[in-house]
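[1] sharing a model that was predicted from the sequence below.
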Amino acid sequence: MERGNVLVIGNSGVGKSTLINSVLGDEIAKTGYGSSGTTEKLEIYESEEVPFRIIDTVGFEPSLVKQFKAINAVKKWSKESIKDREEDTKINVIWFCIEGTSSKLFPKTIKDLSRATAMWKTVPIVVVITKSYSVPERVQNKEMVDNAFAKQKKYSKNLKHTVPVVASTYVLNDTAFAAPEGITELIDVTNELMPEGIKAGENDVYKFKLKRKKALAQGVVGFSTTTAVTVGAVPIPFADALILGPIEVAQVKALAHLYEISKDEDSKELLNAIVEVGTVSVAAKVAINSLKAIPGINIAASVLNAIIAGAIVAAIGEGSIYVFEKVYTGEKSIKDIEWVKNVMESKLSSQFIENVTVVVEKIANSGSTKDIGKLINSLSSSKLKIKL
């Protein structure tokens, strides 16, 4: 089985390093005492005897500033893990370490740890109750963990096990002590979860990348729309002009590159189909004819041209995002040109007319021509889902 990674996260002084040493069977992680932990950055530890790597994190501190830094350190590691690296650093299982002697802090601690690991939406979580010296309190502590996770609706289903542990011998007095326990159980449940965790980690990374691609793509559309608004305001017969052609082509090519659409013949045919359906003269004539029917609209021709130009480019951009995302996820084939044409025609029909009409009415009522591009983009992005 592929060797996965376990992220260990918890408050400073909870005993993460002691736990890691106990699991790996070696004194490799720094240990310390008191409320201030000793781990200053994320570190990877592994052993030939244990079938998974362990990633130790910065301990959470009571200070809001230090807590913010700890959360950001985990988030940064998570985002970096999606990049190609020599060593796989994707997270496959998460150990939430909470201290058994501080059970009242369970809800807040679990909430804070969930914030730090928010990128890993489906990765299995094992809550490790460290310093679990009181056997009678273990059942109660497990119930408190379950209740705390139940309030974290997004992550409640990720909780797979709660394991109380004593990572090292705890001396009570000269004749009494708490012996180490729970370590082999923790190793077993983690190893059992690893196949599920590896798939979940890959899925979470994939979804994160897809979300980032969409955000970046909408940025491209926003810039192209603003440019089109500026160009569209040029006082020439808009319906017969091809001045938006270069903007449309550049936008579509940039979006195709973002979604890793190859440059073979099939992709060229796909891009050509998108631009062809979005021909400026056809879309503009439809828009202008529909706007003539709106009563009481009194707006300068240059402003009207700017709105139409921006709306056309925005519609082509949002339609392209939809198409390229479906191709990227494998839901649609790059060769399904007829489907592509239907999508683009949908974006440049009723929804397009509706957006243009709303913008025209708002500009006419306010008398201000500022932020036309932002207004168009806000309408387009809110209706990105296309029903065919």
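    Arrived safely, thanks for sending.
[2] could you chop the protein up by domain?
    4-181, 210-381 (automatic domain parsing).
[3] which of those domains sits closest to residue 203?
    Distances from residue 203 to each of these were compared using Cβ to Cβ; the shortest belongs to domain 4-181, at 6.0 Å. Bear in mind the C-beta positions are built from the backbone N, C-alpha and C, glycine included.
[4] what is the mean pLDDT for the closest one?
    Domain 4-181 comes out with an average pLDDT of 81.
[5] ok so, going back, go through the domains of the chain and name the closest to residue 200.
    Proximity to residue 200, assessed across the domains of the chain by Cβ to Cβ, is greatest for domain 4-181 (4.3 Å).
[6] the closest one: end-to-end distance?
    Taking Cα to Cα, to the nearest Å, domain 4-181 runs 24 Å from one end to the other.
[7] circling back: so can I have JSON lines of the domains of the chain showing distance to residue 200 and mean neighbour count?
    Formatted as JSON lines, the entries for the domains of the chain read as follows, by distance: least, Cβ to Cβ, whole Å; neighbours: other Cβ atoms under 10 Å:
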{"stretch": "domain 4-181", "distance to residue 200": "4", "mean neighbour count": "18"}
{"stretch": "domain 210-381", "distance to residue 200": "15", "mean neighbour count": "18"}
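[8] minimum distance to residue 188: which of those domains has it?
    When the domains of the chain are compared for distance to residue 188 using Cβ to Cβ, the nearest one is domain 4-181, at 9.5 Å.
[9] this protein: helices as residue ranges?
    Secondary structure of the chain (DSSP state H): helices located at 16-24, 64-80, 106-116, 138-150, 183-232, 245-258, 265-277, 280-291, 301-328, 337-347, 350-366, 372-381.
[10] quick one: distance of the fifth one to the chain centre.
    Helix 183-232 has its C-alpha centroid displaced from the chain centroid by 4 Å (Cα atoms, centre = their mean, to the nearest Å).
[11] ok, the shortest one next?
    In terms of Cα atoms, centre = their mean, the centre of helix 16-24 is set 31 Å apart from its chain centre.
[12] just the angle for that helix relative to helix 183-232, thanks.
    120 degrees (axes from the mean of the first three to the mean of the last three Cα atoms, to 10 degrees).
[13] if we can go back for a sec, to residue 202, which of the domains of the chain lies closest?
    Nearest to residue 202, of these and by Cβ to Cβ, is domain 4-181 at 7.0 Å.
[14] on that earlier part again, the helices of the chain into a markdown table, with extra columns for distance to residue 131?
    Output for the helices of the chain, formatted as a markdown table (distance: least, Cβ to Cβ, whole Å):
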| stretch | distance to residue 131 |
| --- | --- |
| helix 16-24 | 9 |
| helix 64-80 | 20 |
| helix 106-116 | 13 |
| helix 138-150 | 11 |
| helix 183-232 | 13 |
| helix 245-258 | 49 |
| helix 265-277 | 58 |
| helix 280-291 | 67 |
| helix 301-328 | 47 |
| helix 337-347 | 58 |
| helix 350-366 | 59 |
| helix 372-381 | 49 |
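[15] hey, least reliable of those helices by pLDDT?
    helix 280-291 (a mean of 57).
[16] related to what we said a few turns ago, export the domains of the chain to TSV and tack on distance to residue 190?
    What follows is those, written out as TSV (distance: least, Cβ to Cβ, whole Å):
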stretch	distance to residue 190
domain 4-181	5
domain 210-381	28
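[17] out of these, nearest to residue 197?
    Between residue 197 and the domains of the chain, the tightest spacing by Cβ to Cβ is seen for domain 4-181, at 3.5 Å.
[18] so which of the domains of the chain comes closest to residue 196?
    Shortest distance between residue 196 and the domains of the chain, using Cβ to Cβ, is found for domain 4-181: 5.9 Å.
[19] and that closest one, how far from the chain's centre?
    The offset between the C-alpha centroid of domain 4-181 and the centroid of the whole chain comes to 23 Å, using Cα atoms, centre = their mean.
[20] same check, this time on stretch 322-340
    For stretch 322-340, the separation from the chain centroid amounts to 22 Å (computed by Cα atoms, centre = their mean).
[21] then stretch 262-273?
    On the basis of Cα atoms, centre = their mean, the separation between the geometric centre of stretch 262-273 and that of its chain is 29 Å.
[22] so who does residue 134 touch?
    Contact partners of residue 134, counting by Cβ atoms under 8 Å, 6 or more residues apart in numbering, are residue 100.
[23] now do it against residue 66, distance only.
    Plainly put, residue 134 is 29 Å away from residue 66 if you go by Cβ to Cβ, to the nearest Å.
[24] repeat for residue 183
    Per Cβ to Cβ, residue 183 is found 29 Å from residue 66.
[25] please apply the same query to residue 328.
    Applying Cβ to Cβ, the value for residue 328 to residue 66 is 39 Å.
[26] check residue 319 too.
    Residue 319 sits 47 Å away from residue 66, taking Cβ to Cβ as the criterion.
[27] still on that earlier bit, compare the helices of the chain and give me the one nearest residue 57.
    The minimum distance between residue 57 and these falls on helix 64-80, with 5.6 Å, by Cβ to Cβ.
[28] now that closest one against helix 183-232, angle please.
    On the basis of the same axes, to 10 degrees, helix 64-80 is oriented at 80 degrees to helix 183-232.
[29] helix 64-80 relative to helix 106-116, how many degrees between them?
    With the same axes, to 10 degrees as the basis, helix 64-80 and helix 106-116 are set at 40 degrees to each other.
[30] going forward, the N-terminal residue is numbered 240.
    Happy to do that; since the first residue is 240 now, the last one works out to helix 303-319.
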